[in-house]
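1. next come a sequence and a model predicted from it.
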Amino acid sequence: MSAPRSYTMRARADAKAATRLRVLRAVLELSEEKMTIEITLDEVASRAGTSVQTVLRHFGSRDALLDEAVRLASAEVEQERRVPAGDVAGAIDAVVAHYERRGDFVLRLLGQEHDPRIAAVVGPGKQLHRRWVCETFRPQLEARPPDAREALADLLVVATDLYTWKLLRRDRGLDPDTTRARMQTLVTALLAGG
């Protein structure tokens with residue numbers, strides 16, 4: 001009798017995990033449509049096809065739900081940007097593809113970072129970008145004298161930043177391939193400079 005019971009428990013655990021992920025996806029979808037502070041638990045539950053009580057049973061509170069959604073989004077961003085260390089072309093391809101997917105949404109968030117709730121979301125995103133630069137360009141940074149690494153990392157952060165993409169893609173109206181080529185030119189020039 002152990003096998004049917006373990007199967008039932010496994011099915012329940014799978015259903016619970018699926019519901020939890022649906023709720024988190026609902027939060028992320030809604031956050032692309034409106035400010036985070038405007039998202040209600042009713043909307044999240046409706047979008048996820050569940051009840052507010054189920055949402056609260058999974059997460060405990062609206063704040064805990066939003067925190068978990070931020071963690072999920074951050075993990076997805078890290079995965080989207082993952083490339084082998086030192087691969088300049090791969091890094092630019094990955095970051096531009098990431099900005100094409102999420103850039104306009106993040107720009108809206110950055111425009112609201114005076115709100116402490118939004119600042120709590122975009123602050124870690126800025127740190128994630130710097131970590132990504134330092135990890136992705138680690139071989140090139142380590143090839144520099146220690147006192148020059150920090151300055152080069154700063155410049156690489158700027159060359160691969162969302163606002164650099166915005167200036168080229170949205171303000172200038174360049175297509176993704178041209179944007180990618182311009183950003184790669186910037187990074188290559190920085191890496192070539194003594």
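-> Yep, that arrived.
2. only C-alpha atoms from now on, for both contacts and neighbour counts.
-> Will do.
3. the residue nearest to residue 160 when sequence neighbours are not counted - how many residues pack around it?
-> In this structure, residue 160 finds its nearest non-sequential neighbour in residue 183, 6.6 Å apart by CA to CA, 6 or more residues apart in numbering. Residues contacting residue 183 under the criterion other CA atoms under 10 Å number 25.
4. same check on residue 12?
-> 12.
5. for it, give me the pLDDT.
-> Note on residue 12: pLDDT of 80.
6. so is it in a helix, a strand, or just coil?
-> Put simply, residue 12 is helix when judged by DSSP: H, G, I helix; E, B strand; the rest coil.
7. where's it relative to residue 19, distance?
-> 10 Å (CA to CA, to the nearest Å).
8. can you map out the helices along this structure?
-> 2-33, 41-48, 52-59, 62-81, 88-110, 116-136, 138-142, 146-159, 162-166, 176-192 (DSSP state H).
9. mind listing what's buried along the fifth one?
-> Neighbour-count burial for helix 88-110, with 16 or more other CA atoms under 10 Å as criterion, is recorded at 88, 90-100, 103, 106-107, 109-110.
10. can you check the longest one too?
-> When neighbours are counted by 16+ other CA under 10 Å, the buried residues of helix 2-33 are found to be 19, 20, 22, 23, 24, 25, 26, 27, 28, 30, 31.
11. residue contacts, the fourth one?
-> Residue 23 makes contact with 44, 45, 47, 48, 55 under the criterion CA atoms under 8 Å, 6 or more residues apart in numbering.
12. look up how far residue 92 lies from the second one.
-> The spacing between residue 45 and residue 92, counted by CA to CA, is 37 Å.
13. same question for the third one.
-> Separation of residue 47 from residue 92 (CA to CA) stands at 34 Å.
14. which residues sit in contact with the most centrally placed residue in the chain?
-> By CA atoms, centre = their mean, the chain has its centre lying nearest to residue 77, at 3.3 Å. The contact partners of residue 77, by CA under 8 Å, 6+ apart, come to residue 98.
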